[in-house]
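A.B. asks: Quick one, structure for this:
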Amino acid sequence: MRDSTCRVSVVIPAMNEARNLRHVLPLIPSWVDEVILVDGSSTDGTSEVARELWPAIVIVAQDGPGKGSALRSGFSAATGEIIVMLDADGSTDPREIPAFVDALLDGADYVKGSRFMPGGGTEDMQFYRKLGNAAFVGAVRLLFGGAFTDLCYGYSAFWTRVLPHLQLDATGFEIETQMSLRALWTGLSITEVPSFEAARIHGSSNLRTIPDGWRVLKQICGERFQSRIQRGSAAAAGMDAVGIPVGIPVMADPLASSVAQSGRPSLGIDNSLATHLRDGLAASSRRSLTGGDYPRDDRNLVRVPVEIGNVSMADARPTELRTTLIDEG
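C.D. replies: Modelled structure (predicted):
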């Protein structure tokens, strides 16, 4: 049985996201040890709403402008062994956190969400942005190698110990690209997991397609031709090199007809599926065992515990879920 005592910190950059936080914080799994909100000088009561929804939340003042500055401020304050990045606008689903943590516990150093692998998707990306992202992915494969399926997406998780190897210094949205490229360049073990990006719930995005796209392109070129970081430095320092892609079901359709009288939906895991899990999944990718796409965000949804056997997915750590699934049958 894998040790499940490592602490998990969730870092959320936010500026004037009070209304959106009501759709985000209640969906964070209860086993998360620390939630850090980086407040970018909000004027709408963002910090007050955050404390109301998650009383133990840590509020950190953003040091410098831009999303990159906000994330770096949050990373510096995190005390967990694992850090998960989450957006405050409702576009990234907190119910996917177990998939990211599971991949880290299976051996990955750095886990990035992908909207363009089976099980992922987006409802917040115009056609021209998809083309731009695809062009960036192609450029990264040509210049850096690897097999990313997505690049400009900020849902990621990693072991805190990798931060010194990444040497992050980006200030804007390009930090998401910088993190992925430096993880690849330094030789960290990287796993992609499918993720569904919902549309922002309230307000408008601070993303500017052309200016921020230009910053991403400059970041790619700079990391390849002007990087001060030695290629393979993390691997040479003894970081883990191989992750074991064994997946677990991380969510179920909240509208499924399998809701029992107890009000707790069941995934209906039987012995044959437990045996399939024990024998292993396809090693080429991580995917949801519920089949198809992840459920889209329901704006009125409240967190409903989902049970596998006697374990609630809303409250159990990924390792406990995995043990339960393997022990069945």
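A.B. asks: State whether T177 and K218 are indeed in contact, as I suppose.
C.D. replies: No - if you go by C-beta atoms under 8 Å, T177 and K218 don't touch, sitting 9.8 Å apart. Every residue, glycine included, has its C-beta placed from N, CA and C.
A.B. asks: Which one's more surrounded, those two?
C.D. replies: T177 (23 against 12; other C-beta atoms under 10 Å).
A.B. asks: which secondary structure elements does the host helix or strand of the more buried one contact?
C.D. replies: Per DSSP states H and E, T177 falls inside helix 175-185. In this structure, helix 175-185 packs against helix 67-77, strand 110-114, helix 127-144, strand 156-159, helix 163-166, strand 190-194, helix 209-225, with contacts taken as 3 or more C-beta pairs under 8 Å, 6 or more residues apart in numbering; DSSP states H and E.
A.B. asks: which of those has the lowest average pLDDT?
C.D. replies: Sorting the helices and strands packed on helix 175-185 by mean pLDDT places helix 209-225 lowest, at a mean of 84.
A.B. asks: ranges for the strands of this structure?
C.D. replies: 8-14, 34-39, 58-61, 82-85, 110-114, 121-122, 156-159, 190-194, 196-197, 307-308, 311-312 (DSSP state E).
A.B. asks: would you turn these into a markdown table with distance to F225 and mean neighbour count?
C.D. replies: Listed next are the strands of the chain as a markdown table, based on distance: least, C-beta to C-beta, whole Å; neighbours: other C-beta atoms under 10 Å:
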| stretch | distance to F225 | mean neighbour count |
| --- | --- | --- |
| strand 8-14 | 29 | 26 |
| strand 34-39 | 31 | 23 |
| strand 58-61 | 34 | 16 |
| strand 82-85 | 27 | 24 |
| strand 110-114 | 22 | 26 |
| strand 121-122 | 30 | 18 |
| strand 156-159 | 24 | 24 |
| strand 190-194 | 21 | 24 |
| strand 196-197 | 30 | 23 |
| strand 307-308 | 49 | 20 |
| strand 311-312 | 49 | 16 |
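A.B. asks: out of those, nearest to G232?
C.D. replies: strand 190-194 (13.4 Å; C-beta to C-beta).
A.B. asks: Pull the contacting residues for L53.
C.D. replies: 21-22, 25-26 (C-beta atoms under 8 Å, 6 or more residues apart in numbering).
A.B. asks: how much space is there between it and E17?
C.D. replies: To E17, L53 is 12 Å away according to C-beta to C-beta, to the nearest Å.
A.B. asks: Repeat that for C152.
C.D. replies: In terms of C-beta to C-beta, C152 sits 20 Å off from E17.
A.B. asks: With C6 instead?
C.D. replies: From C6 over to E17 the distance is 28 Å, taken as C-beta to C-beta.
A.B. asks: one step back: winner for burial among the helices and strands packed on helix 175-185?
C.D. replies: strand 110-114 (a mean of 26; mean count of other C-beta atoms under 10 Å).
A.B. asks: and it with strand 190-194, angle?
C.D. replies: Strand 110-114 and strand 190-194 meet at an angle of 30 degrees, taking axes from the mean of the first three to the mean of the last three C-alpha atoms, to 10 degrees as the criterion.
A.B. asks: quick one: strands adjacent to strand 110-114?
C.D. replies: Applying DSSP bridges, strand 110-114 is found paired with strand 156-159 (antiparallel), strand 190-194 (parallel).
A.B. asks: what's the angle between that strand and helix 127-144?
C.D. replies: Using the same axes, to 10 degrees: strand 110-114 against helix 127-144 is 150 degrees.
A.B. asks: circling back to that earlier point, between C6 and E17, tell me which one has more neighbours.
C.D. replies: In this view C6 and E17 are compared by other C-beta under 10 Å, and E17 has more residues nearby, 28 against 17.
A.B. asks: what about the closest residue to that one other than its chain neighbours, how many residues close to it?
C.D. replies: Leaving aside its chain neighbours, E17 sits nearest to A88 (4.0 Å; criterion: C-beta to C-beta, 6 or more residues apart in numbering). Using other C-beta under 10 Å, A88 has 28 other residues around it.
A.B. asks: So A88 sits against L21, correct?
C.D. replies: Yes - between A88 and L21 there is a contact under C-beta under 8 Å: 6.0 Å.
A.B. asks: picking that back up, for the helix holding T177, give the mean pLDDT please.
C.D. replies: For helix 175-185, mean pLDDT is 94.
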